[in-house]
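# Give me coordinates for this.
(one chain, ligands or ions: 1)
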Amino acid sequence: MMLPTKRYLGRGSCPHCNGPTKVRTVRTVSPTFQEHYLDCQDQGDEACGWRGVASVVIERTIAQSARPNPRITLPLAAPRRKPSGLPVPANDDTAAEANAAAPEQLAL
Ligand SMILES: [Zn+2]
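Residues are numbered from 1 along each chain as shown. Okay, here's the model as predicted:
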């Protein structure tokens with residue numbers, strides 16, 4: 001079961017109160033694995049106070065580095081597609097789509 005996702009501007013959410021957490025320390029274990037030490041920032045009627053550790057694994061590349069490390073090999077993520085499965089139109093396809101949506105205007 002997936003829990004609802006909240007956006008905390010780059011911060012994670014607390015597993016207990018679902019409030020925002022702050023990364024206190026990052027321990028780099030390897031170039032693709034880090035441990036993030038988190039503090040819950042919830043300050044409700046009764047502050048949560050949870051602290052814990054999250055593991056962050058870098059799994060794949062979305063955009064290639066301009067300064068690649070030759071020792072790092074990551075799979076390249078497939079290009080993102082619209083949910084329809086059709087390819088994302090190029091910037092200059094927008095006018096053609098707008099005309100297709102209103103074909104009666106083309107008959108003028
Ligand atoms: Zn909390």
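
# And Asp39, how far from Cys17?
Per C-beta to C-beta, to the nearest Å, Asp39 is found 12 Å from Cys17. The C-beta positions use only the backbone N, C-alpha and C, and glycine is treated the same way.

# Now the closest residue to Gln34 other than its chain neighbours: which helix or strand?
Of all residues not flanking Gln34 in the chain, Val56 sits nearest, at 4.6 Å (C-beta to C-beta, 6 or more residues apart in numbering). Val56 is located in strand 51-57, with elements delineated by DSSP states H and E.

# which other residues reach that strand?
12, 15, 24, 32-40 (C-beta atoms under 8 Å, 6 or more residues apart in numbering).

# where does this protein have low pLDDT?
1-10, 80-83, 85-88, 93-108 (pLDDT under 70).

# which bits of it sit near the ion?
Listed as neighbours of the ion in the chain under the rule C-beta under 5 Å from the ion: 14, 16-17, 19, 40, 42, 48, 50.

# Would you map the helices across this structure?
Under the criterion DSSP state H, the chain contains helices at 94-101.

# Go through it and flag its longest strand.
strand 21-30 (DSSP state E).

# Give me the helices and strands touching that strand, please.
In terms of contacts (3 or more C-beta pairs under 8 Å, 6 or more residues apart in numbering; DSSP states H and E), strand 21-30 is packed against strand 33-40.

# Parallel or antiparallel, list what pairs with the strand it packs on.
strand 21-30 (antiparallel), strand 51-57 (antiparallel) (DSSP bridges).

# Make CSV from those strands and add mean neighbour count to it.
CSV is the format used below for these (neighbours: other C-beta atoms under 10 Å):
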stretch, mean neighbour count
strand 21-30, 12
strand 51-57, 12
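
# Now the ones you listed in TSV, please, with extra columns for distance to Ala63.
Output for these, formatted as TSV (distance: least, C-beta to C-beta, whole Å):
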stretch	distance to Ala63
strand 21-30	21
strand 51-57	18
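
# that older thread, what sits up against the longest strand of the chain?
8, 11-14, 34-41, 50-51.

# Can I get stretch 29-45 in CSV, CA atoms only?
The C-alpha coordinates for stretch 29-45 follow below in CSV (Å, rounded to 0.1, in the frame of the first residue of the first chain):
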residue,chain,number,x,y,z
VAL,A,29,29.1,5.3,2.6
SER,A,30,29.9,5.1,-1.1
PRO,A,31,29.4,7.4,-4.2
THR,A,32,26.0,5.8,-4.7
PHE,A,33,24.9,5.2,-1.1
GLN,A,34,24.3,7.7,1.8
GLU,A,35,22.7,7.6,5.2
HIS,A,36,20.6,10.7,6.1
TYR,A,37,20.2,11.4,9.8
LEU,A,38,16.7,12.9,10.2
ASP,A,39,15.0,15.0,12.8
CYS,A,40,11.2,15.4,12.8
GLN,A,41,10.3,19.1,12.7
ASP,A,42,6.6,18.7,13.7
GLN,A,43,5.9,21.2,16.5
GLY,A,44,2.2,20.5,17.0
ASP,A,45,0.5,20.5,20.4
